[in-house]
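J.: Below: sequence and its predicted model.
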Amino acid sequence: MSEELETEPAVASAVFGEHLEVGRAFTAALARHGEELGLIGPLELPRLWTRHIVNSGLVASLLRPGSVADVGSGAGLPGLVLAIIRPDVQFTLIEPMERRVDWLERQVRELDLGNVLVERARAEDSAFKRQFDQVTARAVSALRTLIPVTAPLLKPGGELVLMKGAGVDGEIGAAQKVFRKYLVSDPEVLVLGEDLGTEPTRVFRATVDAR
Ligand SMILES: C[S@@+](CC[C@H](N)C(=O)[O-])C[C@H]1O[C@@H](n2cnc3c(N)ncnc32)[C@H](O)[C@@H]1O
């Protein structure tokens, strides 16, 4: 028996605001095609809204008007969700896998998003070094390996906004040498959404100083 898509939670309208219809269209497309395209696991439909869509959307409050690279966007998490909520921010989604890039480009067209560029590349091979105000990523790798591929995308003084799981403190401990090498300063862990009755979202946030 196939799993059913989770009912849209009340918190979705707070997260998407006036962009809720577009958020619904993206969520419906992901629910329809995500499994067949290998974008989401077979057990994710009953928690698609709370664990993936709302969880990604909560990060929108941390973005400044400017430019963001989302590294390893995959299904579009968090990059496409954030692009829907924040039309004032220019997004570049950096993803190496062709099938995922096709999906991302198709969603950009179908949702008529004018603030998204998709680059097919690994972040370390991106053509856009030192160009972004902020970099986001979700479920790509541990900080020790993620910082070396994300920090070089930032302008001097830019910010890492990396979605993390419950093991983030251990990742920070293991990444101290990398923090020094990449001039990562003021690291902090933010927990978003606790007051909204949804799954808390942990974000590792830090500045990357001028080299
Ligand atoms: C587990 S998926 C997570 C996808 C999405 N961020 C999410 O939360 O559902 C990891 C993604 O990172 C991409 N990826 C892995 N290494 C990468 C790299 N060095 N640069 C850019 N993307 C990378 C993979 O192709 C894959 O789409």
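T.: Cool, the structure landed.

J.: Tell me how far the closest residue to residue 58 other than its chain neighbours lies from the ligand.
T.: Leaving aside its sequence neighbours, residue 58 sits nearest to residue 192 (C-beta to C-beta, 6 or more residues apart in numbering; 4.3 Å). C-beta coordinates here come from the backbone N, C-alpha and C atoms, glycine included. Using C-beta to the nearest ligand atom, to the nearest Å, we find residue 192 at a distance of 15 Å from the ligand.

J.: cool, and residue 4?
T.: Residue 4 is 20 Å from the ligand, by C-beta to the nearest ligand atom.

J.: Just confirm that residue is within a strand.
T.: No - read with DSSP: H, G, I helix; E, B strand; the rest coil, residue 4 is coil and lies in no strand.

J.: Next, the contact list for it, please.
T.: Going by C-beta atoms under 8 Å, 6 or more residues apart in numbering, residue 4 touches 45, 46.

J.: again with residue 33
T.: Counting by C-beta under 8 Å, 6+ apart, residue 33 makes contact with 39, 103.

J.: Can you give the distance of stretch 199-206 from its chain's centre?
T.: What separates the centre of stretch 199-206 from the centre of its chain is 11 Å, taken as C-alpha atoms, centre = their mean, to the nearest Å.

J.: The protein: strands as residue ranges?
T.: 66-71, 89-94, 116-119, 132-138, 154-164, 184-192, 201-208 (DSSP state E).
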